[in-house]
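1. fold the following.
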Amino acid sequence: MKKDYMESIGQLMVFGFGGKQITPELKKMIHENKLGCIILFSRNLAEPSQIHQLTNELQSEAKKAGHQYPLMICTDQENGAVRRLGKGSTAFPGSMVLGATHNVNNAYEVAKMTSEELKNVGINWNLAPVIDVNNNPLNPVICTRSFGEDPQNVAEMGKAFMRGLQENGIISTLKHFPGHGDTGVDSHLDLPIIKHSMGRLEKVELVPFHCCIDAGADVIMSAHIYFPALEKQYALPATLSKNILTGLLRERLHFQGVITTDCLEMKAIADHFGTARGAVMALKAGADMVMVSHTYEKQIETLNQVAKAVETRQIDGDSIIKSIERVHRLKKKYLNWQDALNPESISVGSKKSHQSEAARIYKEGITVIKNEHQALPVSNTDRVLFIYSERFMSAKVEDQSSHLSFVEKIVKDIHSEADVFNREDPELIDLINNYHYKMKKYQVVVVLIESVSMEKSQVTLFNELKKADCPLIVIAGKSPYGIRSFSEADALLCTYDINPTALTIVIRAIFGLEEVRGTLPVSL
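-> Modelled structure (predicted):
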């Protein structure tokens, strides 16, 4: 195996690692293989100063290794359900909240502020925005990560978010090409299939990509989804399809930027083709960069198999050269060693102005879907029962959360006399089972639902609570689609995101202390 092949292909790899410090294996790949791109997850990120130190050390290693350009260091800071920066960063509204404001300037402003927080910790590439058109209520992986169901609105929101990143020095990424919005399967877990015709894809899924490519897209990430209308080889996903990556994206849509795969360790690829073989197939199909986010052994196997495929001309050497040129053009446009090796950050924490802007946008996006019988606002003198669950379910792509311990404090701060129960609390079960006399003391019942995956147990609870002779208010803390099972409630509200800022605002709105003005960006 020739060393120059290994060094060349290292620029086309996006690898992750475990822990909050550089691993010896990663350092070795930066030096020996000229690994050019790093992906960071929550497992790598603590508070801002630690993140800044980590990214500075990564860039220092690349400089010592003789890299021509700094490393591209990326993360998924979509905001909302998928955000990797934690302590010390701002919980900005996610895409569907922005969609519910119907104000593209909000998308631009959130992207601008997100850029500032990423740059301050040395991250220069954001794997956002998601421009999938979410038109499947049962989509388990996109849902509120989308701006909504209207292709043109998604296109305009996505373009504004992309521009907000680009104009503030962060590389943007459109995902997931050619569209992940109408799937009922999570590609982290299996291979989805979208059977729409080319005509339908042109009218819906491809609209945001057309728009953002014309506006100067930097990077497009492929989807691990099979599209029979675009690829005749059965079960060959877009990531591995030359018809899609080269024929459609390059030749038909005239995209000149960088094409990256999603992670090739996702089961849609790993279980059907293998990660390393998938990398070879993706590069042959027209991808410029391949992503292996987690396992060192698979990363080394990928490097070896790709290098061998280049040596044996399974992968055209000219295409590799063109991919390297695209990546280097992108690096030259956005990156420089002076910024990359900056040992000090001007401001590594979230700003108060960012927090106030996030709150403003939440107020514009949180939606009152229904308010019958003057259920809202609730009087502060009413006897209120508030029910929530600590079993907060997350999709695999999200940072897993196991509790919502902050909910009780939020409610008590607003209405100190409210009774707040975890849905799994035996006392609540006893109370509901004896509703004939125990529930009579309440004048209002408020229920927070968290996810569609919990819907069955939530519906059972709702049916019991309907027996109480008082107004019933339901808050959808994430997906608005879950509310369809609670149409008989007196009032329905949706926050789209479930975090302290969003929940504080929606609960204050219930008591008439805030005005929320969002309108649904999807049909129920």
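
2. what's the neighbour count on H254?
-> The tally of other residues near H254 (other Cβ atoms under 10 Å) stands at 10. In this view, the C-beta of every residue, glycine as well, is placed from N, C-alpha and C.

3. wait, I meant V130
-> So V130, with other Cβ under 10 Å, has 29 neighbours.

4. tell me the spacing between the residue most central in space within the chain and L127.
-> In the chain, the centroid-proximal residue (Cα atoms, centre = their mean) is V82; its distance is 3.7 Å. Taking Cβ to Cβ, to the nearest Å as the measure, V82 falls 9 Å from L127.

5. which residues touch S523?
-> E149 (Cβ atoms under 8 Å, 6 or more residues apart in numbering).

6. looking at this, it is in a strand?
-> No: per DSSP: H, G, I helix; E, B strand; the rest coil, S523 lies outside any strand segment and is coil.

7. ramachandran angles for it?
-> Note on S523: its backbone torsions stand at phi -90, psi 140 [degrees, to the nearest 10].

8. what pLDDT does the closest residue to G94 other than its chain neighbours get?
-> Of all residues not flanking G94 in the chain, G80 sits nearest, at 1.5 Å (Cβ to Cβ, 6 or more residues apart in numbering). pLDDT for G80: 94.

9. my guess is G80 contacts G99. True?
-> No: the criterion here is Cβ atoms under 8 Å, and G80 misses it with G99 at 10.7 Å.

10. Three-state assignment for E251, please.
-> Secondary structure, three-state DSSP: E251 is helix.

11. pLDDT-wise, which helix or strand of this structure ranks last?
-> helix 435-438 (a mean of 60; mean pLDDT, DSSP states H and E).

12. L492 pairs with what?
-> For L492, the beta-bridge partners are K370, V474 (DSSP bridges).

13. shaky segments in the stretch 51-200 of the chain?
-> 186-187 (pLDDT under 70).

14. I should have written the chain there, sorry.
-> 1-7, 186-187, 344-350, 391-397, 399-403, 435-439, 451-458.

15. show me the domain layout of it.
-> 3-340, 366-510 (automatic domain parsing).

16. circling back to that earlier point, after the least confident helix or strand of the chain, next one along is what?
-> strand 444-449 (DSSP states H and E).

17. ok, T460 to F486 distance?
-> 12 Å.

18. correction: T260
-> Using Cβ to Cβ, T260 is found at 40 Å from F486.

19. which residue, other than its chain neighbours, is closest to V368?
-> L493 (5.4 Å).

20. compare T460 and F486 (neighbour count), which wins?
-> It is F486, of T460 and F486, that has more neighbours when counted by other Cβ under 10 Å, with 24 against 10.

21. that one reaches L493, doesn't it?
-> No: counting by Cβ under 8 Å, L493 is not a contact partner of F486; they are 10.9 Å apart.

22. what sits in contact with each of V82 and L127?
-> With Cβ under 8 Å, 6+ apart, V82 and L127 have common neighbours D76.

23. for A509, which residues are in contact?
-> Taking Cβ under 8 Å, 6+ apart as the test, what A509 contacts is I366, V368, L376, P377, L493, E515, V516.

24. can you give me the strands in the stretch 301-450 of the chain?
-> With strands called from DSSP state E, counting those that start in this stretch, the stretch 301-450 of the chain shows them at 367-371, 384-388, 419-422, 444-449.

25. now the strands for the stretch 151-300 of the chain?
-> 173-177, 219-222, 258-263, 289-292.

26. as CSV, those with mean neighbour count and distance to C470 would be great.
-> CSV is the format used below for the strands of the stretch 151-300 of the chain (neighbours: other Cβ atoms under 10 Å; distance: least, Cβ to Cβ, whole Å):
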stretch, mean neighbour count, distance to C470
strand 173-177, 26, 45
strand 219-222, 25, 48
strand 258-263, 26, 48
strand 289-292, 27, 52
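
27. any chance of the ones you listed in CSV, plus distance to I300?
-> Converted to CSV, the strands of the stretch 151-300 of the chain look like this (distance: least, Cβ to Cβ, whole Å):
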stretch, distance to I300
strand 173-177, 25
strand 219-222, 23
strand 258-263, 16
strand 289-292, 10
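
28. what's the closest of those strands to G66?
-> The minimum distance between G66 and those falls on strand 289-292, with 20.4 Å, by Cβ to Cβ.

29. name the strands paired with that closest one and say parallel or antiparallel.
-> strand 13-15 (parallel), strand 258-263 (parallel).

30. for D182, find the nearest of these.
-> strand 258-263 (17.0 Å).

31. what comes into contact with the closest one?
-> With contacts defined as Cβ under 8 Å, 6+ apart, strand 258-263 is touched by 14, 173, 175-176, 187, 218-224, 239, 245, 249-250, 278-279, 282, 286-294, 323, 326-327, 330.

32. P208 touches V154, doesn't it?
-> Yes: at 4.8 Å, P208 and V154 qualify as touching, with contact defined as Cβ under 8 Å.
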